[in-house]
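*Asks:* Quick one: sequence plus predicted model below, questions after.
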Amino acid sequence: MSEVTAPGGPGTPSAAVAPEHGFFQHISGMLFSPREEFASILPKAVFWLPLVCWMALALVFTGVWTQKMDAREFVRGEIERSGRADKIPPDRMESVLDTQSKIVRPISWASAILAPLILTLVVGGIFLFVFRFFYGGDVTMRQSMTVVAWSYFTSALVTTPLLLIVLVLKGDWNVNPQEAIQANAGMFFERATTAKPLYSLASSLDLFSFWIIWLMSSGYGAATRKPTSSAIAGVAGLWAVYVLAKAALAAIF
């Protein structure tokens, strides 16, 4: 049987080499063909660029939202929606609102910077273990962080402007941004009257979470040279563990 050779000459392995793309080509590719785009992204594994852009989007949203929302009304709404309003004595409600409203903005700004960094490091580290230990993939920490950063940044690139549009149309900036876009099964339940574990499970069945799972599965599939359908078991499996753990904590607290 004759050896199949690539156009480069005799003896060259027949392997598809992804062309090198620029940043905006990466964005377009992540939106429409993530598996193929990760093949171009991973050789250099530059995770800091999507990470910084993800932080920038979070900071832009935080700047707009914190200027327009009323911190006291936001805290009051969160207390009422969580069902804790009846547990706080009326004479203490104003004190609680004063205390918690003072920390809403600092926490929001800190989260805009720290959340992307922590997620990239922690999630990247966890999936590095999964895909090296269980899949036997030759994945590096830089590649794992790159997959995570690009996946979340791509999602944020869509959800951030969409979230701003929804809040403008609602005319209510005191809504929790995490609940403003009703793209999960939680929309079928009343938060205040639904058992906390059930509401936690329902709200986790989110369209954008499923998209991130698909993006990350495409990235780790490309990194391990396995089908995306194979990699999705590792990504979705850990996500399911996280969702169940969150529901269990909701039942306890």
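*Replies:* Received, thanks. Numbering: from 1, shown residues only.

*Asks:* Listing request: residues of the stretch 51-200 of the chain with sub-threshold pLDDT.
*Replies:* Applying pLDDT under 70 to the stretch 51-200 of the chain flags the ranges 83.

*Asks:* Next secondary structure after the longest helix belonging to the chain?
*Replies:* Of all the segments of type helix in the chain, defined by DSSP state H, the longest one is helix 90-133. The helix or strand immediately downstream of helix 90-133 is helix 141-170, counting by DSSP states H and E.

*Asks:* the inter-axis angle of the longest helix of the chain versus helix 141-170?
*Replies:* 140 degrees (axes from the mean of the first three to the mean of the last three Cα atoms, to 10 degrees).

*Asks:* next one: helix 90-133 to chain centre, how far?
*Replies:* How far helix 90-133 lies from its chain's middle: 13 Å, per Cα atoms, centre = their mean, to the nearest Å.

*Asks:* Please name every helix or strand in contact with it.
*Replies:* Judged by 3 or more Cβ pairs under 8 Å, 6 or more residues apart in numbering; DSSP states H and E, helix 90-133 is in contact with helix 48-68, helix 71-82, helix 141-170, helix 207-224, helix 228-252. Using the backbone N, CA and C atoms, a C-beta is placed for each residue, glycine as well.

*Asks:* Which positions within the shortest one qualify as buried?
*Replies:* Read that as helix 71-82. 71-72, 74-79 (16 or more other Cβ atoms under 10 Å).

*Asks:* Can you lay out those residues as JSON lines showing distance to Q25?
*Replies:* Listed next are these as JSON lines, based on distance: Cβ to Cβ, whole Å:
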{"residue": "A71", "distance to Q25": "41"}
{"residue": "R72", "distance to Q25": "46"}
{"residue": "F74", "distance to Q25": "39"}
{"residue": "V75", "distance to Q25": "43"}
{"residue": "R76", "distance to Q25": "46"}
{"residue": "G77", "distance to Q25": "42"}
{"residue": "E78", "distance to Q25": "41"}
{"residue": "I79", "distance to Q25": "46"}
